[in-house]
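K.L.:
heads up, no residue letters with this:
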Ligand SMILES: NC(=O)c1ccc[n+]([C@@H]2O[C@H](COP(=O)([O-])OP(=O)(O)OC[C@H]3O[C@@H](n4cnc5c(N)ncnc54)[C@H](OP(=O)(O)O)[C@@H]3O)[C@@H](O)[C@H]2O)c1
């Protein structure tokens, strides 16, 4: 099969399209013919060698797929050849992937594979960060950084669906226009406006109840200052590669909370995943949530696709088609 290998840590030039045998499946795995492989920011961090406990080269890039079951292992009898599935694997930028049953989910029928592949990583992250951890609810004001990205567009729609007032930051007016279309009441182009000052203005000086930061560094620090009394800041990424900092006195004085979020601390709870998928299906059917997946590349352009994300030129999900 054709697959994209990270040959060594480094830039996009380290990605190589190679031919390899089909992966062997374990008894508790299924072999999936990949129809769409999701690209996530974590893939870029893994390629650069910056992802905590990430794989060591050489390895097949990517960890998220949507496609069709071709073969099920002896202990994977609930799945049958022909089932449309999505899930997590080791090596998603490939024509086939071995997926453990614990990481496998049914594909929502109303979505194409190109759309559905936005759900395992970015969808479940948006859901668990905002709902399971953040307890987002009606009447709150929520600040979402990188709101026009793959994760961001889903968080904007979930927060809005839960009745929150949404402030979303991004780097261009084009991205702001998309955020407005998705129901974000207060898009902010941080290149032309200071987001901290804007949040204070929008909330009449009160600040927001919940902020989600995936950028780190100065953006994390300023997001903390955007919180209202008793507010919660969730940190779940470091696209800037810079660490944020917290002064404990700030937390004490304002009753602020800071929480970390990593998706793989949530995915072993099968009933929580089933609840999240049920909600996604409902929101999609009700027209409350749509999937933005307009950046679609063939497998051989994996390097270009990753570079488009790193250069902040993408909106919504970025997908590879093997
Ligand atoms: N903790 C978890 O479990 C978890 C799960 C999923 C994703 N994440 C994190 O969430 C973030 C978003 O992931 P994604 O896959 O959906 O990517 P993405 O949002 O589609 O792309 C990253 C976005 O970050 C913004 N950005 C800000 N500063 C940046 C910088 N210095 N370099 C590059 N981009 C920068 C850009 O948007 P603007 O142009 O609008 O600034 C860019 O479009 C990533 O940090 C990722 O690691 C974490």
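P.N.:
Perfect, I can see it now. All figures in this text were calculated on a predicted structure; none of them were measured in a lab.

K.L.:
now stretch 98-112: average pLDDT?
P.N.:
Averaged over stretch 98-112, pLDDT sits at 96.

K.L.:
end to end, how far does that stretch reach?
P.N.:
Using C-alpha to C-alpha, to the nearest Å, one end of stretch 98-112 lies 21 Å from the other.

K.L.:
which outside residues touch that stretch?
P.N.:
Here stretch 98-112 makes contact (C-beta atoms under 8 Å, 6 or more residues apart in numbering) with 23-26, 28-32, 36, 65-66, 73, 75-76, 78-79, 83-90, 113, 116, 119-120, 267-268, 270, 273, 277, 280-281, 284-285, 291. For glycine as for every other residue, the C-beta is placed from the backbone atoms N, C-alpha and C.

K.L.:
which ones, among those residues, also lie beside the ligand?
P.N.:
Applying C-beta under 6 Å from any ligand atom to the contacts of stretch 98-112, one finds that nothing falls near the ligand.

K.L.:
hmm, which of those residues are the buried ones?
P.N.:
Among those, the ones that count as buried by 16 or more other C-beta atoms under 10 Å are 23, 25, 29-32, 36, 65-66, 73, 76, 79, 83-89, 113, 116, 119-120, 267, 273, 277, 280-281, 284, 291.

K.L.:
just list the residues touching residue 62, thanks.
P.N.:
With C-beta under 8 Å, 6+ apart, residue 62 has these contacts: 4, 37, 38, 39, 40, 43, 91, 92, 93, 94, 320.

K.L.:
how far away is it from residue 16?
P.N.:
Taken as C-beta to C-beta, to the nearest Å, the spacing of residue 62 relative to residue 16 amounts to 14 Å.

K.L.:
anything in contact with each of these two?
P.N.:
What both residue 62 and residue 16 touch, as defined by C-beta under 8 Å, 6+ apart, is the set residue 4.

K.L.:
residues contacting the closest residue to residue 115 other than its chain neighbours?
P.N.:
Excluding the flanking residues, the one nearest residue 115 by C-beta to C-beta, 6 or more residues apart in numbering is residue 291, at 4.0 Å. Contact analysis of residue 291 by C-beta under 8 Å, 6+ apart lists 111, 115, 116, 118, 119, 284, 316, 317.

K.L.:
wasn't residue 142 part of a strand?
P.N.:
Yes. Counting by DSSP: H, G, I helix; E, B strand; the rest coil, residue 142 falls inside a strand.

K.L.:
let me know whether it touches residue 159 as I believe.
P.N.:
Yes. Judged on C-beta atoms under 8 Å, residue 142 makes contact with residue 159 at a distance of 4.6 Å.

K.L.:
joint contacts of those two?
P.N.:
With C-beta under 8 Å, 6+ apart as the test, residue 142 and residue 159 both reach 130, 136, 166.

K.L.:
beta-bridge partners for the last one, please?
P.N.:
Partner residues in beta bridges with residue 166, using DSSP bridges, are residue 142.

K.L.:
surely it is in contact with residue 152?
P.N.:
No. Using C-beta under 8 Å, residue 166 is not in contact with residue 152, being 10.4 Å away.

K.L.:
so what's the closest residue to the ligand within the stretch 51-200 of the chain up against?
P.N.:
Nearest residue of the stretch 51-200 of the chain to the ligand: residue 149, at 1.8 Å (C-beta to the nearest ligand atom). Listed by C-beta under 8 Å, 6+ apart, the contact partners of residue 149 are 41, 170, 214, 314, 315, 316.

K.L.:
next one, pLDDT for the third one please.
P.N.:
The confidence metric pLDDT takes the value 98 at residue 214.

K.L.:
that one against residue 146, yeah?
P.N.:
Yes. The pair residue 214 / residue 146 is scored as a contact, 5.2 Å apart, by C-beta under 8 Å.

K.L.:
find residues that contact each of the two.
P.N.:
152, 237, 239.

K.L.:
how about the contacts made by the first one?
P.N.:
Okay, so that is residue 152. Here residue 152 is in contact with 144, 145, 146, 168, 170, 214 (C-beta under 8 Å, 6+ apart).
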